[in-house]
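> this is the structure alone, sequence omitted:
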């Protein structure tokens, strides 16, 4: 059985003999670049294939004929780039015979893990610190059928415990140390090159655990080696100022930022991220919460693109470094998560044009509207 | 200037001469099937191109080799199918010289209208009944920069007023009576045919204002006439039991359902919907809130697909009519909105596997996990 036949085996007795021609998901699309074989049971929600969107209002701010695009990975099935890694992690877990996966996460990882695990017929457990996490944050993981276990202890303890569980029991760990996650995530770089016909000059990306910057770099290198692009981008990583261990060179014990998805004081892929910086001639810089929220509002209010606050760090960083951008450069900013993931940030972050108690007649409304 | 050149004019002085090869959005992709010309300024968020996802757990419930897919239109840029219509409505408004658009909406329409209007450099106004709408529901429209006007009066009054405003002032109405909306929405049918290589046997779809069922039917017919498919689907529309005017044949004064996106007592496209039923040999049926929420949970918890409650009406309807499905048929259920739009429904709807106060040691956790 070859990989491209896996889908049709879902419908083995397909009497009308329909052949699926839609987007098949990352693994089937990029099988030759991934550690899969024709024995790998593909667990997919047809993730990837997300749009690369020009952002002219941001291009204009940078000026000098610079062309800026956003890779809007919030349009993955569970609303974040984590789906790219999770289709690989869960498919490989299933291939290895696993029936149960576990992660310590309060956000996008838990939602992706739960969705792919349940789709693959596996059980999904999410370990969190007790009493610290609002139920609302876990609503998505719960609706996908995750079982949440709240432990007496902090998040570091939860991370230590999921590693121990995976060592001592037949349970697969799908946190970011799972090596297949980066393999899946690198496909975003493939899609960027396919859309532009070449790698961009700069790749601007939010950095938390530094898995995604590592993944993109792996993807850019692999596609260049395959002759799909001529050049490699400079990898420009951005951390939140209150959570910038790679920028400052030291662990942050109590990271604080509005960009919760990158609020990580001790990145799992720190060493690899430094290697990416060196190899690509890139840089790590920090952006303040104010700069992040400013970029977040520009993206939504001028470009029509609604992302998580953490995602906006890539655009905030670009705007901060705009003097350094080469004239005429092509730049891609990665937007890692959907703005709908964090409705509170939207309510708090919006310039609220809200007119109440208006008389129900056209003239009164016209006055408000400036006619 | 031809349509396909419009994108590059965003970056007119493109010194590296990059040619964009990514998904260009609906209007550029399907220009020959749409009422646009090379003079139309295309306002796009690169909407459409959403995945068609096989749902084996639902296929299994129907049985008899029936193949069921969901068209997951919640992965459009603002999280619902409304983007398909709004790229057309706003582009045509801009072509006509409009600077201001208005709609009466508390949900997906207001978000899409705001996003596309602002992206196109237009002002967006949203009229709502005062005191009835939680601010959280409007967070998305507000972050996109909509100006919200809350009037003394109910939703019907708001609808009447936006029509009057569009008649009396230079303001474009982008509610569902805007004819370009259906033109944009029909492209979802094109994508379904492209993915399957043929039209499905049944198209199951939630019905509120009945604009989307009309749009899909228009698209299926147009692609058949163009030789892209041999057959036409039966159009199976589903309304919520507490809001089922087309099923019962009479207006519902106070529609009630958990499926808020289809809580409409007097559909704008009622007559056209009846024509679609007749022409396609289709049917309208109702599903209860309980059936809707059951389908919602199956989709998330077994298929890994998280949609709005209203979207699940299509799957609930299919499961209700499963005895009527021809053996071996191919069926597409339309999922109109992203589950992240309604986080409260997820929290209330989930089977909450939530274990609290667990001791932080592997043995205690293993016990919970059943090892």
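Structure's in. What do you need? Worth saying up front: this structure is predicted, and the values here are computed from it rather than measured.

> how far away is the residue positioned nearest the centre of chain A from residue A:236?
Closest residue to the average C-alpha location of chain A: residue A:81 at 2.8 Å, with Cα atoms, centre = their mean. Taking Cβ to Cβ, to the nearest Å as the measure, residue A:81 and residue A:236 are separated by 17 Å. Bear in mind the C-beta positions are built from the backbone N, C-alpha and C, glycine included.

> related to what we said a few turns ago, skip the chain neighbours and tell me the closest residue to the residue nearest to the centre of chain A.
In space, and not counting its chain neighbours, residue A:81 is closest to residue A:73: 4.0 Å by Cβ to Cβ, 6 or more residues apart in numbering or on different chains.

> and the one you found, how many neighbours does it have?
Residues lying near residue A:73 (other Cβ atoms under 10 Å in any protein chain shown) number 27.

> that one: what's it in contact with?
Listed by Cβ atoms under 8 Å, 6 or more residues apart in numbering or on different chains, the contact set of residue A:73 reads A:50, A:80-81, A:84, A:188, A:334-337.

> among those, which are located in helices?
Among the contacts of residue A:73, the residues falling in helices (DSSP state H) are A:84, A:188.

> now the contacts of residue A:73 as TSV including distance to residue B:245 and pLDDT?
As requested, those are arranged in TSV below (distance: Cβ to Cβ, whole Å; pLDDT from 0 to 100):
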residue	distance to residue B:245	pLDDT
A:50	38	98
A:80	38	97
A:81	42	98
A:84	43	98
A:188	45	98
A:334	46	98
A:335	40	98
A:336	42	97
A:337	39	97
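
> closest one to chain B out of the contacts of residue A:73, please.
Among those, residue A:50 lies closest to chain B (Cβ to the nearest Cβ), at 8.5 Å.

> now that closest one: closest residue in space that isn't a chain neighbour?
The shortest distance from residue A:50 to any residue other than its chain neighbours is 4.7 Å, reached at residue A:75 (Cβ to Cβ, 6+ apart).

> go ahead and confirm the one you found touches residue B:75.
Yes: contact status for residue A:75 versus residue B:75: in contact at 5.0 Å, counting by Cβ atoms under 8 Å.

> so which bits of the stretch 251-371 of chain A are right by chain B?
Within the stretch 251-371 of chain A, the positions adjacent to chain B are A:297, A:300-306, A:327-330, A:338-341, A:343, A:346-347, A:349-362, A:365-366, A:368-369, A:371 by Cβ under 8 Å from any Cβ of the partner chain.

> mind jotting down where the strands sit in the stretch 1-150 of chain A?
A:52-54, A:67-72, A:100-104, A:123-129, A:147-151 (DSSP state E, counting those that start in this stretch).

> picking that back up, what residues are up against the residue nearest to the centre of chain A?
A:73, A:108, A:185, A:188, A:212, A:334, A:336-337.

> now the contacts of residue A:73 in TSV, with distance to residue A:265?
What follows is these, written out as TSV (distance: Cβ to Cβ, whole Å):
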residue	distance to residue A:265
A:50	29
A:80	21
A:81	21
A:84	25
A:188	25
A:334	21
A:335	23
A:336	19
A:337	20
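
> in ChimeraX, how would I select the buried members of the contacts of residue A:73?
Buried residues within the contacts of residue A:73, by 16 or more other Cβ atoms under 10 Å in any protein chain shown, are selected in ChimeraX with:
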select /A:50,80,81,84,188,334,335,336,337
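
> kindly indicate which of the contacts of residue A:73 lies nearest residue B:321.
Nearest to residue B:321 among those is residue A:50, at 34.2 Å by Cβ to Cβ.

> mind listing what the closest one touches?
Each residue near residue A:50 by Cβ under 8 Å, 6+ apart is listed here: A:71-76, A:188, A:191.

> tell me which two of these sit farthest apart.
Using Cβ to Cβ, the contacts of residue A:50 reach their maximum pairwise distance at A:74 and A:191, which is 14.3 Å.

> which one's more surrounded, those two?
In terms of neighbours (other Cβ under 10 Å), residue A:74 is the more surrounded of residue A:74 and residue A:191; the figures are 28 against 24.

> that one - nearest residue in space that isn't next to it in sequence?
In space, and not counting its chain neighbours, residue A:74 is closest to residue A:338: 3.2 Å by Cβ to Cβ, 6+ apart.

> tell me what the one you found is bridged to.
Judged by DSSP bridges, the bridge partners of residue A:338 are residue A:307.

> correct me, but it touches residue A:77?
No: applying Cβ under 8 Å, one finds residue A:338 not in contact with residue A:77, separated by 10.5 Å.

> between the two, which has more neighbouring residues?
More crowded of residue A:338 and residue A:77, by other Cβ under 10 Å: residue A:77, with 28 against 25.

> residue contacts, the more buried one?
Taking Cβ under 8 Å, 6+ apart, we find residue A:77 in contact with A:45-47, A:83, A:115, B:51, B:53, B:72, B:75, B:304-306.
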